[in-house]
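S.K.: the following block contains a protein sequence and its predicted model.
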Amino acid sequence: MGRRAACHRDEPALPVGAHLLQRDTIQSVRVGHMSLAPSIANMVPTRRHYTEADKQRALDMVLVGGRSAAAAAREAGINPGRLRRWLSEKNAQDWAETVDAHFGFLAGHGFTLEGPDASWHWEWTVVYRRGSAVVVVVQDRQGPCVDVRLVRAKRSAPGRRRPFNADEVGGSAWAVKLVWLRAPNPPELLARIAGLGLTHEEIEVQLAFWANVLRTYGADFLAGELSVLDEPDPPVRHHDPPRTAPG
């Protein structure tokens, strides 16, 4: 959609002598002998302060009451964009806590939790990093499933919201690659999570599964040896695993 035109031919021009002063200060606008400064000043929007109670009440309308973000924003008198941002932050925080209950062991290998992100509805991520070694735990809301990606990435500039950009990735693979390359019976192992979705119980099962895969078959990656990323990828992820390992 194109941007709205800045001015319209059928609108009258300001009378000669009318002045708008810049830098957020409107001193006066005079048309003849009438000052319009007070009325224009009243049109300048003021920033509303929201308390934690306001925020929690609006979040509960969506997360507990089942209202849409737009409906909850209207009812609470909150800007819809602000409420969506609160929801994104809340979802990211909750996802990080859920993931870390299973992947907190990565701290013992020198990894730090850097970037929970739920700003995109269809994919929530938690990022753990040790130097160039990155573990990304993904809630794929389209799949739907939980998955884990192993990444070799350059260090990002400080203060940036995302831990790394696509052009900073020097190699990546889904953690299922560890299963196909190193587990004795990949189809049988992967059958444990085949078809699981995103109920609370299914998420817990999948997080536990992938955490165990990293512990059991990814010791070299956790130690900073990332050569597994350069080996050929298997032709499948964990969904509906074939009956035999890829040849």
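M.R.: Received the coordinates, thanks. Numbering: from 1, shown residues only.

S.K.: strands of this protein, start to end?
M.R.: Taking DSSP state E as the test, the strands found in the chain are 30-31, 34-35, 112-113, 117-120, 123-130, 133-140, 145-153, 169-174.

S.K.: pull out the buried positions in stretch 120-140.
M.R.: 124-130, 132-140 (16 or more other C-beta atoms under 10 Å). The way it works is simple: take the backbone N, C-alpha and C, and place the C-beta from them, glycine included.

S.K.: format the strands of the chain as TSV; extra columns: distance to residue 78.
M.R.: Output for these, formatted as TSV (distance: least, C-beta to C-beta, whole Å):
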stretch	distance to residue 78
strand 30-31	37
strand 34-35	35
strand 112-113	30
strand 117-120	18
strand 123-130	23
strand 133-140	26
strand 145-153	32
strand 169-174	38
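
S.K.: now distance to residue 232 and mean pLDDT too, for those strands, in TSV please.
M.R.: Below are the strands of the chain laid out as TSV (distance: least, C-beta to C-beta, whole Å; pLDDT from 0 to 100):
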stretch	distance to residue 232	mean pLDDT
strand 30-31	76	40
strand 34-35	77	46
strand 112-113	31	95
strand 117-120	30	91
strand 123-130	25	95
strand 133-140	20	95
strand 145-153	15	94
strand 169-174	10	86
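
S.K.: ok, which of the ones you listed comes nearest residue 224?
M.R.: Across those, residue 224 has its closest neighbour in strand 133-140 (5.6 Å, C-beta to C-beta).

S.K.: that closest one pairs with which strands?
M.R.: Note on strand 133-140: by DSSP bridges, its sheet partners are strand 123-130 (antiparallel), strand 145-153 (antiparallel).
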